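> Have a look at this prediction, sequence included:
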Amino acid sequence: MSWFDIKGLNSRETTAARQGEAGAVRADQRARNTAQTGDVARDDTVELSGLAEFIRTTASKLAAQPAVDENRVRDIRNAIASGEYQIDSQRVARKLIEADNL
């Protein structure tokens, strides 16, 4: 048993378990190419899924926005101070229920 065996499984078998059979075949091909040439495989790449790219882009856009909309806060403060601010209890209740269902 060599140093990369895990509970009797060699690295190819553990790779197959993690990546599925196609991943194991690719890993096996890379291992053979490396063994034949003595070079490290140079075709390793990272690909982001569409969702991962969307999350990255959205996170960047959110990071560029201020955490608080100062104009909105000012408007609400003024409305409260003048007695013009009305609380819609039905809307508050709906939003609480929606948040609870997440």
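Okay, I see it.
> Going along the chain, name the helices of this structure.
Assignment of helices within the chain using DSSP state H yields the ranges 11-37, 50-64, 70-82, 89-100.
> Lowest mean pLDDT across the ones you listed, which one is that?
Sorting the helices of the chain by mean pLDDT places helix 11-37 lowest, at a mean of 55.
> burial of R77, as a residue count?
Other residues within reach of R77, judged by other C-beta atoms under 10 Å, total 11. Every C-beta, even on glycine, is put in place using the N, C-alpha and C of the backbone.
> separation between it and E70?
10 Å (C-beta to C-beta, to the nearest Å).
> same check, this time on E98
Distance check for E98 against E70: by C-beta to C-beta, it reads 26 Å.
> got it, and L102?
For L102, the distance to E70 equals 28 Å [C-beta to C-beta].
> The two: which is more packed in?
Per other C-beta under 10 Å, whichever of L102 and E70 has more neighbours is E70, with 8 against 4.
> which residues touch the more buried one?
Applying C-beta atoms under 8 Å, 6 or more residues apart in numbering to E70 gives no contacts.
> i'd like the first residue to be 13 from this point on
Understood, numbering begins at 13; the last thing we discussed is E82.
> May I have stretch 82-89 as CSV, with CA atoms only?
Below are the C-alpha coordinates for stretch 82-89, written out as CSV (Å, rounded to 0.1, in the frame of the first residue of the first chain):
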residue,chain,number,x,y,z
GLU,A,82,-28.6,58.1,2.7
ASN,A,83,-31.2,59.9,0.7
ARG,A,84,-33.9,57.3,1.6
VAL,A,85,-32.9,57.4,5.3
ARG,A,86,-33.2,61.2,5.2
ASP,A,87,-36.6,61.2,3.5
ILE,A,88,-38.0,58.7,6.1
ARG,A,89,-36.6,60.7,9.0
